[in-house]
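predicted structure and sequence below. I'll ask about it afterward.
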Amino acid sequence: MTKIKVLIVDDHALVRDGIRALLDLVADFEVIGEAANGKEALEKIKDLSPDVALMDLAMPVMTGLEATRKIRKEFPRTKVIAVTQHDDTEYVVPVIRAGARGFVTKMAASSEIISAIRAVHKGDSFLSSSAAAALIHDFQVGAARENEADLYDQLTEREKEVFKLLVEGKTTREIASVMVIGLKSVEAYKTSLRNKLNIHNQTDLIKYAIRKHVTTL
């Protein structure tokens, strides 16, 4: 039986020992080495050619994120699985973009780590449920921001000018004076831009304006 060769990368010896003890119980796994930081991991990968590297992210000398980028470029045959304490978007998204094929937390069940190794070895990807949720959230936030950009682009130049003056606290009469237009025209612009943005109160308009860098209030 051909075994899946695994490299364990973590700066804590106790963590490496725990993962090794787990993997040693699995018949089709072989732990062929350990590394305490990203730089050492690259050296071990060059010498040992593991199939899978279990990669911690927060390490001295060279972080797991930087090591993952280098592995993807220099040793694409070795698949990286990020194994970390954190599962929020701040950690999941960058390491996936860097080239990791899997992401599990150190608190994950042993069965999840085993499944992750087998999945990425076959060429699939594996995300813990919490990591998948983080990626979905990141996608949704990005989509919302793109939608906001689209909505703002729908405003005419005159509507954008009224919008800026409005969120700066100018009254309808003051806006009319600045733009040299009638009061009814200002009200028409205000109604139109609010409908296009689907924002109908001053507080939300200001928040939106700050996000769009229309104002720094």
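Thanks, I have it. Everything numeric here is computed off the predicted structure, so don't read it as measured data.

need the residue closest to the centroid of the protein.
Val93 (2.5 Å; Cα atoms, centre = their mean).

confidence score at Ile71?
For Ile71, the pLDDT comes out at 96.

residues contacting it?
41-42, 45, 53, 78, 80, 99 (Cβ atoms under 8 Å, 6 or more residues apart in numbering). C-betas here are computed from N, CA, C, even on glycine.

now with 6 Å, please.
Neighbouring residues of Ile71 by Cβ atoms under 6 Å, 6 or more residues apart in numbering: 78, 80.

just Ile181 next, same as before
Counting by Cβ under 6 Å, 6+ apart, Ile181 makes contact with nothing.

quick check: domain ranges of this protein?
Domains of the chain are assigned by automatic domain parsing as 4-135, 154-211.

against Ile45, how distant is Ile206?
Relative to Ile45, Ile206 is positioned 52 Å away (Cβ to Cβ, to the nearest Å).

which of these two has more neighbours?
Between Ile206 and Ile45, Ile45 has the larger neighbour count (other Cβ atoms under 10 Å), namely 23 against 18.

now do the more buried one, the pLDDT please.
97.

about what we covered before: please identify the most buried of the domains of the chain.
domain 4-135 (a mean of 19; mean count of other Cβ atoms under 10 Å).

what's the residue lying farthest from the centre of the chain sitting at in phi/psi?
Farthest-out residue of the chain from its mean C-alpha position, per Cα atoms, centre = their mean: Gly182, at 47.9 Å. The phi and psi values for Gly182, taken as degrees, to the nearest 10, are phi -80, psi 160.

low-confidence regions, this protein specifically.
87-90, 134-135, 137-150, 216-217 (pLDDT under 70).

mind listing the helices for this protein?
Remark: helices assigned in the chain by DSSP state H are 13-23, 38-48, 64-74, 89-98, 110-121, 129-153, 157-167, 172-179, 183-197, 202-211.

could those helices be laid out in TSV, adding distance to Val104?
Output for those, formatted as TSV (distance: least, Cβ to Cβ, whole Å):
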stretch	distance to Val104
helix 13-23	11
helix 38-48	17
helix 64-74	13
helix 89-98	11
helix 110-121	5
helix 129-153	7
helix 157-167	45
helix 172-179	55
helix 183-197	41
helix 202-211	34
